[in-house]
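J.: just coords:
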């Protein structure tokens, strides 16, 4: 079997962080891929909620858009989008929020709005979507992002979704519980320090060097004392993931 | 054919005030009877909304409770009770609200809460239900009540649902539009004076004397200059009403 | 995570404790009579009972001394008249005094929706000119931060336990109800714990129009109790027993007759099944 | 009272005027492409466009100069990447500058629900620690009158016209849509006027699960436009044309190629039917 790519390691590592039975609010893209991989491997009873209104969706292929028909057909129930945000997210029912972003900073704040200034942006990004409230209201947030100096930055250009603000108790002092519990990249896993809330590397993927991590991070990155190597994807995980991607590609080809 | 009873005249007179196509929020009892009579005679396209969530209900017999199954089966759509109050009443979609009450006063304020004081009531009545918001938010309110000194009073013991407050512009000054346009009793029709908002008799049912009306009203009742006699129920109206009541009784007997 | 499919007696024993806030809902349809009577049977006291329309179901509970507070909006016997036990409690403090938190239907609805949505209050256009806010601190006013409109606000309701009745649960513990769906979804999602009695447990749900579905992981206990909403009705199962509502007017009018009826039908029976046998005979 | 069943060209002519606030909704499903292209065809300008996800539908309208303001929450090409025309307008003011009223999905939803409910604002738990409120006066904070919790509030949205696409209307003018129902009911009930394009007009609706029904008297115009949501999808009618979304990335990347494409496919065609013929060929 072909060895795991760094993207595959990232996806599998993220998937493993989902416990069985967890209620998970899923964004499209890699979060959706990781969440569905978890569902197809160790967490068959994970409950996937998409902002399009599907609760308990069990898609056989990955949705390209957040509201593909198969999500509705395989869901336990479908509700309106307003109800998803009020009765299901804001009410505190979501245990894990799975998010991506264009930038994440040292204190796990997320930017998906602009690069540069808001009023005359260098790059206008898509914007908030459901992220600010997922980041605020899920009991815990997992962030998946490609490891790149321009993406893991000292301070995001714009705080779309709050992580730990500028660190310490600032988040809880502002009345928010929860918060990001891990940032999974294609090189490492970062977790917030329990006191300062600064993201530190706790796991490093096989074959990745500390130098490489330092060079790819936009702040002076620290490594945890108990730094360990990320457990490699199992054959079952890789086969399942590759199968899922293959089925998805086939389904999309058929539609085109 | 048997002559119309005073209750039948009241119901027919109320029914006539509903124009075809009107969106009407209906309470149970005589309001429901009058609204359905209108639907079965001159106003086939009246839209009946019940607070149980049925929109466009077309029951063949009168519901005993506001949520009888037939209301759901004959409705254009059924929504939740919260949605009825937010999206259908509060939004200003209801043209006519049809209400009853235990007491109505000179300025068309309604009491359905207590006789006596709130904290140690002589009679504890059922309470507000949907009435305060119907009275506040429907474009127009019709009130049906038996004509009795203890029911048509100078001042209600408790304002459950506001009419014209203490008269004049008090209602509009408080930010409310609409308001009661007629009170239909088994003796007369009362309408608010355009300036003082005091209820005055504008129509008097056949065979009823002014003396009788004065004796049955809890304030010094006035009669409009253009006082006229209530048009008598037509044969079609009476036949339809009696049929409806007969069908309703039969249906209830079958269920018991 | 999945709800326990259990018997009603155990479910009430596990989830209801004296002093709790309990909402037993069902707007005219699917009123959970069986569950309420089991609470009476277990001699529960000191409850705060929550319900838009107390109906005969709370008249029985109040008369039997289960409650010391009522949060409600319309307390009559629908289509019949007064709730005599409710009136006796409010007018004469029998069998005990009853504190009232009285709102309107619209206000109760927004309070349930706020509760289900994790918001501490709900806003509505209402109560202007009404005497109710003067008697209820749960209703206040605020100015819209954008338009300065004066709006009423009411505090969210998040009961300790919500009890509802549904037509069906499937074997995974998902719950489905249809027809007039009332306020049940909101109160179920607002409550800390949810107990559902159902007409039947089925292998799979059929497609129905106007459906409320509660996924299994939002429900704590499911009890199969056929007829458990009677004398109210269950759409597609049985119709409203209007005669029972009318008879209740006579049964409940005097304290003696009421107590005798409750003793024979509820306290002396062990389950809703036995109750139904005594009702029919 | 009943809506006029009419053709799309007339409906757009009757209901859309320059300068209006227009919401063209459909959350990932049932996106009313045909209606939007008819607005482009009629050379409309100065619109405030409202939509959670501008998607390709607004990318086309913004690029063609229909809009000078956008109220939205997520402006990407779902599953593909950027909306190049939206970016060009915001980053470079081409073809004109575009004012932004930018919220989150949750805030847009409560703004629609408030609009549909006749409330001037909606409250939510959100935006604490986010930079968005600093750039948008439509998002403020207030303290709960009961608990003193700090809550975000956002102003209600009540557009002049809402346009949605549904699977079916019946001959009386009632509208039914199902599958992912998104935000359509709220925006339709929030708007002053409602135009609905449908896949087909039927004699009678079949029972479907997860249904939204708009009674005829809430709708102003109905236009039968088969395929009118393509390249998005209509549940039970056709699937999402993912290739078209991917191709849009290339078409929209340069101003020239975009204008050429719009000219040939939209401006030179007289209807959505003709547009579809050119797309296929």
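T.: Perfect, thanks for sending it. Keep in mind the model is a prediction, meaning the values are calculated, not measured.

J.: residue ranges for the helices of the stretch 151-281 of chain C, please.
T.: Residue ranges of the helices in the stretch 151-281 of chain C, as given by DSSP state H, counting those that start in this stretch, are C:184-190, C:242-251, C:255-262, C:272-280.

J.: count of neighbours near the closest residue to chain D within the stretch 101-250 of chain A?
T.: Ranking the residues of the stretch 101-250 of chain A by distance to chain D (Cβ to the nearest Cβ) places residue A:162 first, at 2.9 Å. The C-beta positions use only the backbone N, C-alpha and C, and glycine is treated the same way. Residues near residue A:162, counting by other Cβ atoms under 10 Å in any protein chain shown, number 24.

J.: residues in contact with the nearest residue to it once chain neighbours are set aside?
T.: Among residues not flanking residue A:162 along the chain, residue D:129 sits closest, at 2.9 Å (Cβ to Cβ, 6 or more residues apart in numbering or on different chains). Contacts for residue D:129 (Cβ atoms under 8 Å, 6 or more residues apart in numbering or on different chains) come out as A:109, A:136, A:159, A:162, A:165, A:171, A:174, A:176.

J.: I'd like those residues as a markdown table, with secondary structure and pLDDT appended.
T.: Output for the contacts of residue D:129, formatted as a markdown table (DSSP: H, G, I helix; E, B strand; the rest coil; pLDDT from 0 to 100):
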| residue | secondary structure | pLDDT |
| --- | --- | --- |
| A:109 | coil | 98 |
| A:136 | helix | 97 |
| A:159 | coil | 98 |
| A:162 | coil | 98 |
| A:165 | coil | 98 |
| A:171 | helix | 98 |
| A:174 | coil | 95 |
| A:176 | coil | 96 |
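
J.: Narrow these to those that are buried.
T.: In the contacts of residue D:129, burial by neighbour count holds for A:109, A:136, A:159, A:162, A:165, A:171, A:176, counting by 16 or more other Cβ atoms under 10 Å in any protein chain shown.

J.: which one of the residues you listed is nearest residue C:148?
T.: Among the buried ones among the contacts of residue D:129, residue A:136 lies closest to residue C:148 (Cβ to Cβ), at 28.1 Å.

J.: hang on, the earlier thing: the residue of the stretch 101-250 of chain A closest to chain D and residue A:134 touch, don't they?
T.: No: between residue A:162 and residue A:134 there is no contact under Cβ atoms under 8 Å: 11.1 Å.

J.: Can you name every helix or strand that the lengthiest helix in chain A contacts?
T.: The longest helix of chain A (DSSP state H) is helix A:235-255. Judged by 3 or more Cβ pairs under 8 Å, 6 or more residues apart in numbering or on different chains; DSSP states H and E, the packing partners of helix A:235-255 are helix A:6-16, helix A:30-40, helix D:242-251.

J.: Which one of those lies nearest to chain C?
T.: helix A:30-40 (14.3 Å).

J.: Now do the closest one: which elements does it pack against?
T.: helix A:6-16, strand A:23-26, strand A:47-49, strand A:96-99, strand A:140-144, helix A:235-255.

J.: any bit of the third one sitting next to chain D?
T.: No: using Cβ under 8 Å from any Cβ of the partner chain, strand A:47-49 never reaches chain D; the gap is at least 12.9 Å.

J.: And the residue of the stretch 151-281 of chain C that's closest to chain B?
T.: Nearest to chain B, among the residues of the stretch 151-281 of chain C, is residue C:243, at 3.6 Å (Cβ to the nearest Cβ).

J.: quick one, what contacts residue C:52?
T.: Taking Cβ under 8 Å, 6+ apart, one finds B:81, C:25, C:27, C:72, C:73, C:74, C:105, C:108, C:109, C:183 in contact with residue C:52.

J.: Rank the residues you listed by pLDDT and give me only the lowest.
T.: Among the contacts of residue C:52, residue C:27 has the lowest pLDDT, at 94.

J.: now the stretch 101-250 of chain C, which segments are flagged as low pLDDT?
T.: Counting by pLDDT under 70, the stretch 101-250 of chain C contains no low-confidence range.

J.: Near chain A, which residues of it? Just list them.
T.: Residues of the stretch 101-250 of chain C lying near chain A (Cβ under 8 Å from any Cβ): C:113, C:116-119, C:174, C:185-186, C:189, C:213-218.

J.: By neighbour count, which of those residues wins?
T.: residue C:186 (30 neighbours).

J.: need the contact list for that one.
T.: So residue C:186 contacts A:87, B:80, B:82, C:109, C:112, C:113, C:115, C:116 (Cβ under 8 Å, 6+ apart).

J.: among the residues you listed, which are in helices?
T.: Using DSSP H, B:82, C:109, C:112, C:113, C:115, C:116 are the members of the contacts of residue C:186 that sit in helices.

J.: Show me which of those residues is closest to residue D:198.
T.: Distances from residue D:198 to those, taken by Cβ to Cβ, are shortest for residue B:82, at 28.0 Å.

J.: Could you check the pLDDT of the closest one?
T.: In this model, residue B:82 is scored at 98, pLDDT.

J.: what's the answer for residue A:249, then?
T.: At residue A:249, pLDDT is 87.

J.: By mean pLDDT, flag the weakest helix or strand of chain A.
T.: Every helix and strand of chain A was ranked by mean pLDDT, DSSP states H and E. The lowest is helix A:69-74, at a mean of 85.

J.: can that helix be found next to chain C?
T.: No: under the criterion of Cβ under 8 Å from any Cβ, chain C is not reached by helix A:69-74; the shortest gap measures 12.2 Å.

J.: Could you work out the most separated pair of the residues of the stretch 101-250 of chain C next to chain A?
T.: Top of the distance list for these (Cβ to Cβ): C:119 and C:174, 26.2 Å.

J.: Which residues are in contact with the closest residue to residue C:81 other than its chain neighbours?
T.: Nearest residue to residue C:81 in three dimensions, chain neighbours excluded: residue C:249, at 6.1 Å (Cβ to Cβ, 6+ apart). Residue C:249 sits next to C:77, C:80, C:81, C:82, C:84 when contact means Cβ under 8 Å, 6+ apart.
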